[in-house]
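*Asks:* no FASTA, just this:
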């Protein structure tokens, strides 16, 4: 498995800032239609940066390195390696494109696979010169790759490609007439998150004939009630804090939901959790979406569910089933393994090859609040499901038809499930509490600076050191964080007079913000909003912030964490590797030209290596450790940020720390990288190791 490097962090990559399978925030220049600007997040500073994306370039040339990094982090490669998906679309397109004069429109063309399938099907029925295939791909770097794929397959004159969104196309301008066949794949794990509904609405209004043929034809979402201690830890922070009994209360009594998981469906693979999940209902149908008709913007559905056992409903797990053809003979499902193996008659039976592991579509989890909803076997529950343009939400109702989930207040913080689990982890909390107590046992720092969004450290230092002035940077939380601290101050035995929230990024902070006082204690977890998808060596923003604050530190300032340790281990990840492997023939179409751009692994020419990508290992299918763990490099936070070099017996790696990271890797297959942590796998494994006593540092001339 050469060339595929995985770090321990959760996909999808939030660091790409709204980059969702290639559909990212773009700004197009009116003066130069062939130029666009790509928004990227700088991992060390947290600042957004605009990259210029030009249409011009050498014929057949690969895109620049920065664009390749962005495209490699999308799910295009995983989708193209999904043989079951590709075969299902090919069969459905062959059935739908039966008229020689068919006008086919492909929305969200990607590499152009569905467009080429349509053109081939059109040619097979004698439609060359009579029908047409038009495709739109708004993401310019992807559109440039589409043209290369079309040329490689001799399809450049058979598919009209437009670098535009579908709502920018006009009949009589780009399109000769309304299309009578729509092919598309604008689906995410939740189904609606990529804008399926507004895209279909606009297409039916302006681009399609009445009663068009569509591939897919229909999509149905399903759900199931489950009990799971694993999932419970990802949303019930209050109960886990009570079990920790360490005196720090992020969710004090009476304010149990003041810190809660975001009320949304969270994409994650549930098959690895099968042993941690107890089913409390049969699968139930939630919503059905007919692609051949204009969809409604919002709907509500009340579902009656009979429970199958005693327990506590911690979550609703959901998935969807595609019916790709109008005859109802071609299906594709994202259902979990236990559903595919069941014999429930009401669920469509999909081909056996849909059982293969894939990474681009996952299951979705909707968490119930608090400790969950207790139920008894054969109890009848009511579930209210609703959807808007981009998402589906749920409310469990009690017998009196009242919602079991409480409403959120203005001072509530909503966090990702992984963050909730980390804040409730007794071992993680104990490590931080011990480290801070050891620091404070030697001195009482006058000014303590929390250099990230850590509400835990802000509360901890404020409560343990009443005489200290605590300044929280809170670059992501800002006013929300300040309002939250105000609400929980009394329960944690500190006064808001001793704490100040600046709400700025490190580069914007000056001595005026510190009232010209020196920082005696600099702490961080580190955690920043929007950095959940970082690679281990990109998760060093604390070090960058410490460097920016160098002149503001006192002579004997303490830094915690004091050091980070980069470690690695060779792993066998066959499921993940198969989803990232290099492409050759995809349903009869040559895709060799996409491998370098999309960051493929295996069978790569010369010294070419696949990219480093962030993942949670427990979400990567089958895993097996192939080597011992190697410590590769130390990052000494007592000193300003600088170039670091490390060696192990079997690996030579050279790093240059800065906005971009350059690596050279030899003789290791599928290495796994992380910054050392004693946290369980569920927690953010790219965390930094905390010193038990902190590190003292003296300022030196720059």
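*Replies:* That came in fine, so what should we check first? These numbers were taken from a predicted model, which means no experiment stands behind them. Residues are numbered from 1 along each chain as shown.
*Asks:* hmm, what's the outermost residue in this structure?
*Replies:* Here the centre of the chain is the reference, and by CA atoms, centre = their mean the most remote residue is residue 126, at 43.8 Å.
*Asks:* Now for the residue lying closest to that one once chain neighbours are set aside, which secondary structure element holds it?
*Replies:* Closest residue to residue 126 apart from its sequence neighbours, by CB to CB, 6 or more residues apart in numbering: residue 100 at 4.7 Å. Any C-beta I mention is one placed from the backbone N, CA and C, and that applies to glycine too. According to DSSP states H and E, residue 100 maps onto no helix or strand at all.
*Asks:* Next, work out how far apart residue 100 and residue 129 are.
*Replies:* 9 Å (CB to CB, to the nearest Å).
*Asks:* between the two, which one's more packed in?
*Replies:* Taking neighbours as other CB atoms under 10 Å, residue 100 and residue 129 compare with residue 100 leading, 15 against 9.
*Asks:* Might one say that that one is in contact with residue 123?
*Replies:* No. Using CB atoms under 8 Å, residue 100 is not in contact with residue 123, being 9.4 Å away.
*Asks:* re the thing from before, ok but the residue farthest from the centre of the chain is inside a strand, no?
*Replies:* No. Counting by DSSP: H, G, I helix; E, B strand; the rest coil, one finds residue 126 to be coil, located in no strand.
*Asks:* Ramachandran coordinates for it?
*Replies:* phi 80, psi 30 (degrees, to the nearest 10).
*Asks:* can you check the one 5 residues further on too?
*Replies:* Summarising the backbone geometry of residue 131 under the convention degrees, to the nearest 10, its torsions are phi -90, psi -170.
*Asks:* Use 6 as the first number from now on
*Replies:* Will do, 6 is the new start, and the previous item becomes residue 136.
*Asks:* residue contacts, it?
*Replies:* By CB atoms under 8 Å, 6 or more residues apart in numbering, the contact set of residue 136 is 102, 104-109, 127.
*Asks:* Could you report the pLDDT at it?
*Replies:* Note on residue 136: pLDDT of 94.
*Asks:* Excluding chain neighbours, what is closest to residue 80?
*Replies:* Using CB to CB, 6+ apart, the nearest residue to residue 80 is residue 365, at 3.8 Å.
*Asks:* host element of that neighbour?
*Replies:* Short version, using DSSP H and E: residue 365 is in no helix or strand.
*Asks:* so how far is residue 377 from residue 244?
*Replies:* In terms of CB to CB, residue 244 sits 10 Å off from residue 377.
*Asks:* Flag the shaky bits of the stretch 356-505 of the chain, pLDDT-wise.
*Replies:* Across the stretch 356-505 of the chain, the ranges flagged by pLDDT under 70 are 356-360, 403-416.
*Asks:* what are the ranges of the helices in the stretch 506-655 of the chain?
*Replies:* Assigned by DSSP state H, counting those that start in this stretch, the stretch 506-655 of the chain shows helices spanning 546-553, 579-585, 600-603.
*Asks:* in the second one, what's buried?
*Replies:* Judged by neighbour count (16 or more other CB atoms under 10 Å), helix 579-585 contains these buried residues: 580-585.
*Asks:* Most widely separated two among the residues you listed?
*Replies:* 580 and 585 (10.0 Å; CB to CB).
*Asks:* which residue ranges form the helices in the stretch 306-455 of the chain?
*Replies:* Using DSSP H, counting those that start in this stretch, helices in the stretch 306-455 of the chain cover 342-345, 422-428, 431-447.
*Asks:* Kindly reformat the ones you listed as JSON lines and extend each row with mean neighbour count.
*Replies:* Converted to JSON lines, the helices of the stretch 306-455 of the chain look like this (neighbours: other CB atoms under 10 Å):
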{"stretch": "helix 342-345", "mean neighbour count": "16"}
{"stretch": "helix 422-428", "mean neighbour count": "23"}
{"stretch": "helix 431-447", "mean neighbour count": "17"}
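*Asks:* which one of the ones you listed lies closest to residue 85?
*Replies:* Residue 85 sits nearest to helix 342-345 of all the helices of the stretch 306-455 of the chain, at 22.4 Å, using CB to CB.
*Asks:* possible to save the helices of the stretch 306-455 of the chain as JSON lines with distance to residue 475?
*Replies:* Formatted as JSON lines, the helices of the stretch 306-455 of the chain follow (distance: least, CB to CB, whole Å):
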{"stretch": "helix 342-345", "distance to residue 475": "48"}
{"stretch": "helix 422-428", "distance to residue 475": "18"}
{"stretch": "helix 431-447", "distance to residue 475": "11"}
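*Asks:* Output the below-cut-off pLDDT ranges for the protein.
*Replies:* For the chain, the stretches with pLDDT under 70 are 6-44, 55-71, 346-360, 403-416, 532-537, 612, 653-707.
*Asks:* who touches both of residue 244 and residue 377?
*Replies:* What both residue 244 and residue 377 touch, as defined by CB under 8 Å, 6+ apart, is the set residue 237.
*Asks:* The two: who's more crowded?
*Replies:* A count of neighbours by other CB under 10 Å puts residue 377 above the other of residue 244 and residue 377, at 23 against 17.
*Asks:* List phi and psi for that one.
*Replies:* phi 100, psi -170.
*Asks:* May I ask you to confirm that it is in contact with residue 236?
*Replies:* No. Under the criterion of CB under 8 Å, residue 377 makes no contact with residue 236, lying 9.3 Å away.
*Asks:* Which neighbours do those two have in common?
*Replies:* Joint contacts of residue 377 and residue 236 (CB under 8 Å, 6+ apart) are residue 319.
*Asks:* Going by distance to residue 215, which of the buried residues of helix 579-585 wins?
*Replies:* residue 584 (39.2 Å).
*Asks:* isn't that closest one right next to residue 361, touching?
*Replies:* No. Look at residue 584 against residue 361 with CB under 8 Å: they stay out of range, at 9.0 Å.
*Asks:* okay, and the common contacts of those two?
*Replies:* The contact sets of residue 584 and residue 361 overlap at residue 87 (CB under 8 Å, 6+ apart).
*Asks:* can you map out the strands along the stretch 6-155 of the chain?
*Replies:* All strands of the stretch 6-155 of the chain, identified by DSSP state E, counting those that start in this stretch, fall at 10-13, 31-33, 40-46, 53-59, 108-112, 137-141.
*Asks:* Would you state the helices of the stretch 106-255 of the chain in chain order?
*Replies:* Assigned by DSSP H, counting those that start in this stretch, the stretch 106-255 of the chain shows helices spanning 118-129, 145-157, 201-211, 234-237, 242-249.
*Asks:* which outside residues touch the shortest one?
*Replies:* In this case it means helix 234-237. Against helix 234-237 from outside (CB under 8 Å, 6+ apart): 244, 278, 281-282, 317, 319-320, 370, 372, 376-377, 422, 687.
*Asks:* What of the last one?
*Replies:* By CB under 8 Å, 6+ apart, the surrounding residues in contact with helix 242-249 are 237-238, 253-256, 261-262, 264-265, 375-376, 425, 428-431, 434-435.
*Asks:* Try it again at 7 Å.
*Replies:* The set of residues external to helix 242-249 that reach it, using CB atoms under 7 Å, 6 or more residues apart in numbering, is 238, 254-256, 261, 264, 376, 425, 428-429, 431, 434.
*Asks:* And the strands in the stretch 156-305 of the chain?
*Replies:* 165-167, 184-189, 213-220, 223-232, 264-266, 271-273, 283-284, 289-295, 304-311.
*Asks:* separation between residue 322 and residue 278?
*Replies:* From residue 322 across to residue 278, the span is 9 Å (CB to CB).
*Asks:* Actually, residue 195.
*Replies:* 18 Å.
*Asks:* who has more neighbours, the two?
*Replies:* residue 195 (25 against 19).
*Asks:* surely the more buried one meets residue 270?
*Replies:* Yes. Between residue 195 and residue 270 there is a contact at 4.9 Å, judged by CB atoms under 7 Å.
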